[in-house]
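Engineer: Take a look and give me a structure for this.
(chains A and B)
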Amino acid sequence: MVTSIIRRLIQAVFVVVAMTVIVFIGVNVIGNPVDILINPDANQAERARVIAHYGLDQPLWRQYLLFLQGLLHGDFGDSFVYGRPAMGLILERLPATLELAISALTIALVFGLPLGLYAGLYPNRVSSKLIMSGSILGFSLPTFWVGLMLIMVFSVELGWLPTNGRGPTLELFGAQWSFLTGEGIRHLLLPAFNLALFKTSLILRLTRAGVQEVLPQDYVKFARAKGLRERRVIAVHVLKNLMIPVVTIIGLEFGSLIAFSVVTESIFAWPGMGKLIIDSINLLDRPVIVAYLMMMVLLFVVLNFIIDVCYTILDPRVRLDSKA
Amino acid sequence: MAEHNMQETDKALPEPGRLSKYLADFFASPAAAIGFITLLVICCLALFAPWISPQNPYDLMQLDIMDGRLAPGSESMTGFVYHLGTDSQGRDILSGILYGLRTSLLVGVLSAFAAAIIGTTAGLFAAYMGRRTEIVIMRLVDLQLSFPTILMALMMLAVLGKGVLNVVIALIIAEWATYARTVRATALVEREKEYIEAARMLRLPGWRILFRHLLPNCLAPVIVIATMQVARAIGLEATLSFLGLGASVTEPSLGMLISTGYQYLLTGLYWISFFPGIALLVTIVAINLVGDRLRDVLNPRNAS
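Structural biologist: You can find the predicted model right below:
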């Protein structure tokens, strides 16, 4: 098992290196930041000074090597717009995004699991059919539009919840968090629900499919034949076997929640990484774009690696070696 | 699966009898029928938009800034009725939606189609060639699928810059891998069947076996994914336009319309964002209903 984990690790490193090349070349070959940074009225000397300052006069391969060198030190260069280290900008916005993603995941689980269980256990009830139709809607509704409608209903019409920002925050573990203050939670509610909508539908459908797969199994029949109470059959025998696919999906979807928070953050002006990257793409702020993309690549590679390793540990039938 | 016997060697497309059976199967579900008819109406509306829409929303000469932000049903100075209101530049929302649907559908169909062609070809080659080709293609697919679509799309747009065409390219690059994986899995099963063996025995050229025999029998899942992908692409295009990375302000797509309405939403002017969103939603739901049914109908497990 150790060799297979090491092999996976090497593959993961290879993916990261490949992505650095792709991202760097892509961002550097197309789009010219000089035009944006420099005042069109600036004279030649001024232009040359700015270009030299950002290292844009170097050949591409040297820029890449410099970039790689910086990358190992966690240094992606200074943001063209903010004039501060790009990685620092992203890291200071990371807690806001994490908070939003974790809240959304919690909401998705709290609603998705029980509803999916219900729809799976009583598939013929009208309420179950309503739940399933609702989940199709949850898949189809564009997240950004739902966000707008949430603002329209709960902020503009009813005036219950604020429309943007994080509200007051408290410090914990060296970062600022909204969920520690009452006002902060009020700010968090709408964005978290907005982000959770799609994942709730996903977890709901997955749970229902799992229940319907587990119910006809012999061990469930046997548990019932033993005379166990229905509550125990469901809580122990059904739910436990259901958790394997659900836990896998949670791992995978957490990363995608962080990626999708781009949309929600833009709508609710939530000061996270997602809003920063959209602003940076619009302003062609290369160091921030590259730092964000590399950060996401790293995040996904690490997440996938952890899931792979968990698989081998959890399920002895899955051996990394047996995979092609 | 018993229907794949020797007689299919040179006639892999379903004969008319089977097609009508599929059609009857499809329309047996009222939800799918409603979805299909809705989709048909939407396609017609988009196709004939220049003739049926009250205004050309892209022609700035026709827009009157004095008519900006009018409520649904209000009348302009010239007696023109804005049934769904106007946006901040005095653009008729109804016309904006009809034209926006054109962009949405075009982007959705174009990207899904192109991704299907690239992905299917890659998947077929991987399955048929095996060995190194397969490893290279599937590694690429794995790499692609380990990142969510929106991140791939953002990455591409960060590289290519903004614009509708770039959104289409980004969507193709973000979506081809799904087809490749599915087609490879299907083709691996089909490859072992007698009709492929028979074709090999006849010494048919490789490309002929690949495209005339293997491909038609792998098409069912491709059709299903492609349908769903159109809906996803439309949603994603709208999202990217909403974020300001897609369509331009002068030629708004649905996402862009919703985006321009965002700031007015806070002051209670709901219609600029609301109606285009409904159009988007109806389109996506209709496509998903059709796709859902197609999956059931084309699933070989349900064929017997």
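Engineer: With only the CA atoms kept, save stretch B:127-139 in PDB.
Structural biologist: Taking C-alpha atoms only, stretch B:127-139 is exported to PDB below (Å, rounded to 0.1, in the frame of the first residue of the first chain):
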ATOM      1  CA  ALA B 127     -10.900   2.100 -26.500                       C
ATOM      2  CA  TYR B 128     -10.000   0.800 -30.000                       C
ATOM      3  CA  MET B 129      -6.200   1.500 -30.000                       C
ATOM      4  CA  GLY B 130      -5.500   0.600 -26.400                       C
ATOM      5  CA  ARG B 131      -2.000   0.700 -25.100                       C
ATOM      6  CA  ARG B 132      -0.200   4.000 -25.200                       C
ATOM      7  CA  THR B 133      -2.900   6.000 -26.900                       C
ATOM      8  CA  GLU B 134      -5.400   4.900 -24.300                       C
ATOM      9  CA  ILE B 135      -3.100   5.800 -21.400                       C
ATOM     10  CA  VAL B 136      -2.300   9.200 -22.700                       C
ATOM     11  CA  ILE B 137      -6.000  10.100 -23.500                       C
ATOM     12  CA  MET B 138      -7.300   8.700 -20.300                       C
ATOM     13  CA  ARG B 139      -4.700  10.500 -18.200                       C
END
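Engineer: buried residues in it?
Structural biologist: Using 16 or more other C-beta atoms under 10 Å in any protein chain shown as the test for burial, stretch B:127-139 gives B:127-128, B:134, B:137-138. In short, each C-beta sits where N, CA and C put it, glycine included.
Engineer: do the same with stretch A:237-247
Structural biologist: A:237-239, A:241-242, A:246.
Engineer: Residues of the stretch 51-200 of chain A that sit close to chain B?
Structural biologist: Taking C-beta under 8 Å from any C-beta of the partner chain as the criterion, the stretch 51-200 of chain A approaches chain B at residues A:136-137, A:139-145, A:148-149, A:151-152, A:155-156, A:163.
Engineer: neighbour-wise, which of those leads?
Structural biologist: With neighbours taken as other C-beta atoms under 10 Å in any protein chain shown, the top of those is A:Phe144, carrying 28 neighbours.
Engineer: That one sits in which helix or strand?
Structural biologist: helix A:143-150 (DSSP states H and E).
Engineer: That helix packs against which elements?
Structural biologist: helix A:182-214, helix A:239-268, helix B:215-242, helix B:254-265, helix B:271-298 (3 or more C-beta pairs under 8 Å, 6 or more residues apart in numbering or on different chains; DSSP states H and E).
Engineer: of all the residues of the stretch 51-200 of chain A next to chain B, which comes closest to B:Arg293?
Structural biologist: A:Ile136 (12.0 Å; C-beta to C-beta).
Engineer: nearest residue to that closest one other than its sequence neighbours?
Structural biologist: Nearest residue to A:Ile136 in three dimensions, chain neighbours excluded: B:Asn288, at 6.5 Å (C-beta to C-beta, 6 or more residues apart in numbering or on different chains).
Engineer: Okay, now the unreliable bits of the chain?
Structural biologist: With no chain named, the answer covers chain A. Applying pLDDT under 70 to chain A picks out residues A:1, A:27-42, A:54-56, A:159, A:165, A:167-176, A:178-183, A:311-324.
Engineer: Hmm, no, I was thinking of chain B.
Structural biologist: The model of chain B has pLDDT under 70 over residues B:1-17, B:57-85, B:87-90, B:247, B:249-250, B:268, B:299-304.
Engineer: which stretches of it form strands?
Structural biologist: B:74-75, B:81-82 (DSSP state E).
Engineer: Tell me who's in contact with the closest residue to B:Thr149 other than its chain neighbours.
Structural biologist: Using C-beta to C-beta, 6+ apart and skipping the chain neighbours, the partner closest in space to B:Thr149 is B:Ala174 (4.7 Å). Each residue near B:Ala174 by C-beta atoms under 8 Å, 6 or more residues apart in numbering or on different chains is listed here: B:144, B:149, B:152-153, B:156.
Engineer: Now, these that are in helices?
Structural biologist: Judged by DSSP state H, helices contain the following of these: B:144, B:149, B:152-153, B:156.
Engineer: residues in contact with the residue of chain A at minimum distance from chain B?
Structural biologist: At 3.5 Å from chain B, A:Gly26 is the closest residue in chain A, using C-beta to the nearest C-beta. Listed by C-beta under 8 Å, 6+ apart, the contact partners of A:Gly26 are B:155, B:158-159.
Engineer: what about 7 Å?
Structural biologist: By C-beta atoms under 7 Å, 6 or more residues apart in numbering or on different chains, A:Gly26 lies in contact with B:Val159.
Engineer: Helices of the stretch 1-150 of chain B, start to end?
Structural biologist: Secondary structure of the stretch 1-150 of chain B (DSSP state H, counting those that start in this stretch): helices at B:16-27, B:30-47, B:49-52, B:93-129, B:131-145, B:149-160.
Engineer: out of these, nearest to A:Thr97?
Structural biologist: Of the helices of the stretch 1-150 of chain B, nearest to A:Thr97 by C-beta to C-beta is helix B:149-160, at 13.2 Å.
Engineer: Could you name the helices and strands sitting against the closest one?
Structural biologist: helix A:2-29, helix A:239-268, helix A:273-283, helix A:286-314, helix B:164-191, helix B:215-242 (3 or more C-beta pairs under 7 Å, 6 or more residues apart in numbering or on different chains; DSSP states H and E).
Engineer: now with 6 Å?
Structural biologist: helix A:239-268, helix A:286-314, helix B:164-191 (3 or more C-beta pairs under 6 Å, 6 or more residues apart in numbering or on different chains; DSSP states H and E).
Engineer: Any idea which of those helices gets closest to B:Leu106?
Structural biologist: helix B:164-191 (8.6 Å).
Engineer: what is the orientation angle of the closest one with helix B:131-145?
Structural biologist: 130 degrees (axes from the mean of the first three to the mean of the last three C-alpha atoms, to 10 degrees).
Engineer: follow-up on the earlier one: may I ask which of the ones in helices among the contacts of B:Ala174 has the most neighbours?
Structural biologist: B:Ala153 (27 neighbours).
Engineer: I figured that residue was touching B:Ile172, is that so?
Structural biologist: No - with contact defined as C-beta atoms under 6 Å, B:Ala153 does not reach B:Ile172; the gap is 10.1 Å.
Engineer: Around chain A, pick out the residues from the stretch 51-200 of chain B.
Structural biologist: Counting by C-beta under 6 Å from any C-beta of the partner chain, the positions of the stretch 51-200 of chain B adjacent to chain A are B:146-148, B:150-151, B:155, B:158-159, B:161.
Engineer: Recalculate using a threshold of 8 Å.
Structural biologist: B:135, B:138, B:143, B:146-148, B:150-151, B:154-155, B:157-162.
Engineer: which of the residues in stretch B:172-186 are buried?
Structural biologist: The neighbour-count check on stretch B:172-186 (16+ other C-beta under 10 Å) flags B:172-184, B:186 as buried.
Engineer: now do stretch B:42-52
Structural biologist: B:42-43, B:45-46, B:49.
Engineer: Same check on stretch B:214-221?
Structural biologist: Applying 16+ other C-beta under 10 Å to stretch B:214-221 flags B:214-215, B:217-221 as buried.
Engineer: quick one: the spatially most central residue of chain A and B:Ala28, what's the gap?
Structural biologist: Centroid-nearest residue in chain A, with C-alpha atoms, centre = their mean: A:Ile258, separated by 1.9 Å. Using C-beta to C-beta, to the nearest Å, we find A:Ile258 at a distance of 42 Å from B:Ala28.
Engineer: cool, and A:Ala291?
Structural biologist: Noted for A:Ala291: a distance of 54 Å to B:Ala28, by C-beta to C-beta.
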